[in-house]
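Asker: Quick one, fold the following:
(chains A and B)
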Amino acid sequence: MLKFSISTVLSIVALTGIVLLAQNPLQNAPQPLGERLPGAPQLQQQSQGTASISGTVVEMGSNVPIPGASVELRRIDCNNFSNPPEVFNVKTGPDGKFNFPNLHAGGWCIVATAAGGKFTPAEYLQRGYKGRGVTIPLADGEKMPGVTLTMAPTSAISGHITDRDGEPVGHARVQAMELYYENGERRLYILQVVQTNDLGEYRFYWLPPGRYFIAAIPDDILRQNVAFSIPPPGEGGHREDQLSPNVMRRIAQSGEVIEETYLPMYYGDVTEAQRSTPIDLRPGTSVTGMNISLRNARVRSWHIRGTAVNGATGMPAAGAQLRLMPRIWTATVIMPNVQADAEGRFDLKGVLPGSYILYANQAGMAPPGTPVAPATPAGPRGSPPTPGANPPAASNPCAPPPPAGAPPAAAAAGPSPILPVAARVPLDIGNSNVENVSLTLTPGYTLMGKVAMENPPATTDGSGPRGMRITLTHDPDLVGLPGAPQGAVQTNGTFCLANVAQGDYRVYVPPLLNTFQWGTSSLSPLLQNAYIKSIRLGGVDVLTDGLRLNVAPQEPLEVVIGTGAKLSGTVINEKRESVVNATIALVPTSTRARLDLYRTTTSDHGGRYNMQGIPPGSYRAFAWENVERDAWQDPEFLTLIEGRGTTVQATEGIQADADLIVIPAVK
Amino acid sequence: MKPRLGIALLAMLAQAAVSSQPLQTPTVPAQPASLEGTAMLQSNNQPLSKVYIDLRGTTWLSTTTEEDGKFYFPNVQPGQYHLYARREGYALAEYGQRWTGGPGQLITLTAGQPVTNVQIGLALTAVISGRISDLNGNPVTGARVRAMKTSIQENRRTLRVFQEAITNELGEYRLFWMAPGRYYVSAIVQPWQVNSQVVNNPSAPVGDTSNAGLSTSRSVSRPETTKPLGTGAADDEIYIPIYFPRSIDGEEGAPIDLQPGMEFRNVDITVAPVRTFHVRGRLTNLPSPAAAPQGGAGAPSLPPAGGGFGGRGGAGGAAGNIQVRLTPNNWFGSVYNASANATTGEFDFPKVVTGGYTLYTFIDGTTTRMPVEIRNGDIDGLTMPLVTGVSLPVKISLEGEQPKNLPDVSSLQIMLYRDPTLINAPAMNASARGSAPIPNLSPGNYRIYVTPLLTPITGTDPVNPPANWQGAYVKSIRLDDADVLNGGLHYEPKPDQLLDVVIGTNPGILEGQVLNDQQQAIPSAAVVLFAESSAARITRTDMFRVSSTDRSGKFQIKGLPPGDYKVFAWEGLDKDAWLDPDFVRNESRGQSVHIEEGRTQGVDVPLISPNR
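Answerer: Now for the predicted structure:
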């Protein structure tokens, strides 16, 4: 921003201001009770309905009504994030009340939000601010009064960061993290990032109630722009950051060069996240004095030097990007990185002792004289590939073969494009520099395969796999790595991923088998009771062992989709009352490392639950009043409650029933 | 209104010039050069620890001081070096500087001759703090507070953002590690941005990313219903920056002069949205649809300006519309864009703030504009007939023989800028390379540039010609009998016109020394050279030179176009001070000098010191 001219800044402000104002009709002064805001309803409806929902938005604890809160009503299940057919918005009146008249029959999901971040969003009968609400079923003419939406006031955490001399550290990056379970691990994800000021002070605010972990790491004094992220509650979260090591260099009088870098330091002045002291935030509080000393955060660091060669051209891999990947996942990845010079030489600094993969890649280039089409694969985490990200057709091994008689593509296209190349080398680093590392970057592999449906339904028109994708993620899936490839499954079930670099991957098959995401995807009717039965590459069971590509795959990747089992029932408490919005999880009795076998859902307004697409096998079914999401992936957690589950047998194509006794929330 | 499903990806890729630092291969000359010294607090000469010392020249080396403030470079390639020192909480210092931000001195390192006892002093930085509140006195969270310094944008005095801070939930902000100097502060309320907010780290030198590298971020957002992220302003209101203490007029901002170590507290600003109005009207004399260029969407459109405006009526914009823009006559207002219907010419700017503007459009290379004054109400029924441009022939010639190694003059580019400049209007209004005619020129006043010899200034530093053009300069530009080079272009189409550009290759030299009241020569003083005539000072950017005195208080400036100059020498002033027209106007201690072709002119320049 230093270089931004004021006029540029102002015009951006003006433009974005106008756009946002046009898109946000919700920013008026408090409206009279139930008055419709401009822009709602979004869709023209044929006729008004006869049902209604009304209620009050209140503050947690005090139950004081909250005026001016936005209440949104969507005609869709609360766990479904597709576009609803109808959406209404109102603001609460001075008494915190809202009213939605003239509704059609159907399932409605309701949520209240407040401008800014003073309150967490609230959903109906929600359990904890991260939980989803319960869908309200409405029949024609039905009135649903007295819906109370309870918003928790947010809280603040503040403290000081000091260095080894006890002096304040300015522009330390301080992050507030939350625990999530993913891939069977407890992971600390970043929710907020703030910076200390010149007094070493930091302050998180707009934090929803919950358990937080705090860590600090000094930002690079030479970095012009520094991170700052305070998402309003309910908006963001689950953030990972890749940073470059911040290397301090000192030349001793003798000429010896000593380099040091910083480890993230957690509250409690420890460098291991698991030993950190968590901070439990109650609603509407301000916790002060959460100080962290960085006196033990500085550690001696080392260099890795060497040369990178492009194996496809035999030339130095000029400009190749080198990254030193830790082998263990963390949300804050300190990744030494550098670009090779014109001779392919590289010098990575800020390296700490440990076990790593040294990863190098060089982008592909079009042959001289053709438009540049960088052959970068799609971004991580299932984001769609960017347009123009495919390599030129001439180099695309996934392109259909030219028709017979056509001239060879290379001859027609002139010089061949330079393929993207990559290399990976495991490295164990001790307390010394590593010299003369030699890397040969080679083009990636072509991974072809097929998705087959077992027992395709008689009605199928052969379009079974339509809309399915094959997504590879790095294992571990660290932020800051080049995107892993993904591709669409063709209507005949085949797929082809071009230029898959050497490495360890996990394979996902959205929408049936997904990477971590909030909420569920909509499945076509054909796939609703389907599951991924197997993924194999030759003799390798990919679902169990992952995909390790060290050599070019000789066989296709074979994905088999099977017909699952269905399970439904009611969640009840010890008084045999049905329990609304309970969390149900199916955990395989054995093979618990197979996270693709786990299933979860919630009970509806009547305590009923339904699951389908369950892989056949034996399960323990659990139901909780309130539980951390995916906590049942944690073996330690399961040990505590194993006896409270119900054994369930899932059989292909069979609908089973099981009423589950809820595990009450710990008060 | 659609729930944000799934994945939000953030990729803030700081693709830094990571490899710009040469690899330090241990090639030790037989007798290396060496340097050692001490970093200290400027005010009391106490040694400072944790100072990052940067030695830059033939090679780049860096180290950090310990408690004794000492730094050692025992093994350096001989050569000339700059020496920089920085520490958090202290202003960036260069060896030989007499004041923060002033010119430094090079250090010459010779093989076998250790340089010792080099002292480099660091000054404390300062703080501006305060609170942003609304009209009811409630704290405003997430307001952006900006510390700004004077700058030149398109030859007009503007403010340049130096540092930003975002208010917390108590409305508090703190701008810190600010180098001493003069600042202005503004605050604006913006819609909350969920992620990837960045604020400046002012201790980082611009353009220096030697220790940076890749940085990436990604996040998975929870699918959420529509979240009211707006500013809370009503439909016919908008937030614009408020300048401390309480003005929407950027010229009325109060300067804040920061001294080392100072905390300037209670810089509190009350923000409130302002009313907006419609500006409606129509363009007439429209080009027939067939005449419109058929490239892209087929719509005549404004070219992308220097920043901010990139829209070409693309997504959502109906094909065939003409983009029109309201650009403020002051530097601090906002720019508004709208589309005019290509058939009827009608346009409507829906939310414009009171002020003086220029309505502006750019079709087929020709600009049309008219003044618009918005007071307290909507404006309806404006009519702006589109102007048809005329082609102006150009001749560029070299005086005398073509020097070897000098590029051909046909590669020079003529650029015409509307005068006065419109902020965020396309900066360049017409251009042609070599002796090609300037197409589609509409009548009016222009500033003329011949790049890369005579180049518009967009910052605080002169833009000097590149090395291969060294020694060449624009000697004259004439249209009919008018001196366009010094007087600007007042264009009125007439028959048989020719824009005649002559390039000279025999520049002059100015050398001299800077003397204080006691007639002592002063090292590390800033020396600035301008065109003497105040009219030419804006256009003759080739006569704007900045230099500094060496250890003996002498300076030399080469490659000067002949002409009348004014030369000033300063110490202890902000670098931006000499950009302030008032300052220059009131400063009688400048020396007039006349530079002749091929001659060296000597001058003694009196030192201007802020302490006297």
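Asker: Backbone dihedrals for residue B:468, please?
Answerer: Backbone torsions for residue B:468, taken as degrees, to the nearest 10, come to phi -70, psi -10.
Asker: is it true that it touches residue B:404?
Answerer: No. Using Cβ atoms under 8 Å, residue B:468 is not in contact with residue B:404, being 11.4 Å away. All C-beta atoms are positioned from the backbone trio N, CA, C, and that covers glycine.
Asker: Please parse chain A into its domains.
Answerer: Domain ranges of chain A: A:51-151, A:155-300, A:444-557, A:565-661, per automatic domain parsing.
Asker: For chain B, see how far away residue A:182 is.
Answerer: Counting by Cβ to the nearest Cβ, to the nearest Å, the separation of residue A:182 from chain B is 10 Å.
Asker: Helices along the stretch 401-550 of chain A, start to end?
Answerer: Ranges of helices within the stretch 401-550 of chain A are A:409-413, A:542-545, based on DSSP state H, counting those that start in this stretch.
Asker: what's the least confident stretch among these?
Answerer: Among these, helix A:409-413 carries the lowest mean pLDDT, a mean of 43.
Asker: any chance you could map the helices in chain A?
Answerer: A:6-23, A:409-413, A:542-545, A:635-641 (DSSP state H).
Asker: What residues does residue B:57 make contact with?
Answerer: B:79, B:80, B:81, B:82, B:106, B:109 (Cβ atoms under 8 Å, 6 or more residues apart in numbering or on different chains).
Asker: And the pLDDT at the closest residue to chain A within the stretch 451-600 of chain B?
Answerer: Residue nearest to chain A within the stretch 451-600 of chain B (Cβ to the nearest Cβ): residue B:458, separated by 7.4 Å. Model confidence at residue B:458, given as pLDDT, is 71.
Asker: With residue B:124 instead?
Answerer: 94.
Asker: Neighbours of it, how many?
Answerer: 18 (other Cβ atoms under 10 Å in any protein chain shown).
Asker: my guess is residue A:328 contacts residue A:477, does it?
Answerer: No. Residue A:328 lies out of contact with residue A:477 (Cβ under 8 Å); the separation is 11.5 Å.
Asker: what do the two both touch?
Answerer: Common neighbours of residue A:328 and residue A:477 (Cβ under 8 Å, 6+ apart) do not exist.
Asker: By mean pLDDT, flag the weakest helix or strand of the chain.
Answerer: If you meant another chain, say so; for now it's chain A. None of the helices or strands of chain A scores lower by mean pLDDT, DSSP states H and E than helix A:6-23, at a mean of 32.
Asker: I was thinking of chain B, sorry if that wasn't clear
Answerer: Bottom-ranked secondary element of chain B by mean pLDDT, DSSP H and E: strand B:7-8, a mean of 32.
Asker: what separates the closest residue to residue A:591 other than its chain neighbours from chain B, distance-wise?
Answerer: Distances taken as Cβ to Cβ, 6 or more residues apart in numbering or on different chains put residue A:597 closest to residue A:591, at 6.6 Å, once the chain neighbours are dropped. Residue A:597 sits 22 Å away from chain B, taking Cβ to the nearest Cβ as the criterion.
Asker: Tell me where the stretch 501-612 of chain B has helices.
Answerer: Using DSSP H, counting those that start in this stretch, helices in the stretch 501-612 of chain B cover B:534-539, B:581-585.
Asker: Going by mean pLDDT, which of those helices comes out lowest?
Answerer: helix B:581-585 (a mean of 68).
Asker: pLDDT weak spots in the stretch 1-150 of chain B?
Answerer: B:1-30 (pLDDT under 70).
Asker: Going along the chain, name the helices of it.
Answerer: Under DSSP H, counting those that start in this stretch, the stretch 1-150 of chain B gives no helices.
Asker: Can you show me the strands along it?
Answerer: Taking DSSP state E, counting those that start in this stretch as the criterion, the stretch 1-150 of chain B carries its strands at B:7-8, B:33-41, B:52-56, B:60-64, B:70-76, B:79-86, B:93-94, B:107-109, B:115-122, B:126-133, B:144-153.
Asker: Could you dump the ones you listed into a markdown table with mean neighbour count and distance to chain A added?
Answerer: Shown next, in a markdown table, are the strands of the stretch 1-150 of chain B (neighbours: other Cβ atoms under 10 Å in any protein chain shown; distance: least, Cβ to the nearest Cβ, whole Å):
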| stretch | mean neighbour count | distance to chain A |
| --- | --- | --- |
| strand B:7-8 | 20 | 5 |
| strand B:33-41 | 21 | 8 |
| strand B:52-56 | 22 | 6 |
| strand B:60-64 | 19 | 4 |
| strand B:70-76 | 20 | 4 |
| strand B:79-86 | 20 | 7 |
| strand B:93-94 | 23 | 14 |
| strand B:107-109 | 18 | 15 |
| strand B:115-122 | 16 | 12 |
| strand B:126-133 | 22 | 6 |
| strand B:144-153 | 23 | 5 |
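Asker: nearest to residue B:258, of those strands?
Answerer: Smallest distance to residue B:258 across those (Cβ to Cβ): 3.8 Å, for strand B:126-133.
Asker: give me the residue from the stretch 201-350 of chain A nearest chain B.
Answerer: Relative to chain B, the nearest point of the stretch 201-350 of chain A is residue A:244 (3.3 Å; Cβ to the nearest Cβ).
Asker: Am I right that that residue is in contact with residue A:220?
Answerer: Yes. Counting by Cβ under 8 Å, a contact exists between residue A:244 and residue A:220, whose distance comes to 7.3 Å.
Asker: quick one on the thing from earlier: rank the domains of chain A by pLDDT, which is bottom?
Answerer: Across these, the lowest-scoring stretch is domain A:444-557, with a mean of 86.
Asker: Need the distance between the two termini of that one.
Answerer: For domain A:444-557, the first-to-last residue distance is 16 Å (Cα to Cα, to the nearest Å).
Asker: re earlier: output the domains of chain A as JSON lines; include the columns distance to residue A:361.
Answerer: Shown next, in JSON lines, are the domains of chain A (distance: least, Cβ to Cβ, whole Å):
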{"stretch": "domain A:51-151", "distance to residue A:361": "34"}
{"stretch": "domain A:155-300", "distance to residue A:361": "15"}
{"stretch": "domain A:444-557", "distance to residue A:361": "6"}
{"stretch": "domain A:565-661", "distance to residue A:361": "29"}
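Asker: Take those and lay them out in CSV including mean neighbour count.
Answerer: Below are the domains of chain A laid out as CSV (neighbours: other Cβ atoms under 10 Å in any protein chain shown):
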stretch, mean neighbour count
domain A:51-151, 20
domain A:155-300, 20
domain A:444-557, 18
domain A:565-661, 18
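Asker: of all those domains, which lies closest to residue B:381?
Answerer: The nearest among the domains of chain A, by Cβ to Cβ, is domain A:51-151 at 36.5 Å.
Asker: Show me how far that closest one is from its chain's centre.
Answerer: 26 Å (Cα atoms, centre = their mean, to the nearest Å).
Asker: Tell me how many other residues surround residue B:598.
Answerer: 12.
Asker: Pull the contacting residues for it.
Answerer: Contacts of residue B:598 (Cβ under 8 Å, 6+ apart): B:506, B:507, B:508.
Asker: and residue A:435, how many neighbours does it have?
Answerer: Using other Cβ under 10 Å, residue A:435 is surrounded by 10 other residues.
Asker: Mind pulling up the pLDDT for it?
Answerer: 96.
Asker: so it sits right up against residue A:305, yeah?
Answerer: Yes. Between residue A:435 and residue A:305 a contact is recorded at 5.2 Å, counting by Cβ under 8 Å.
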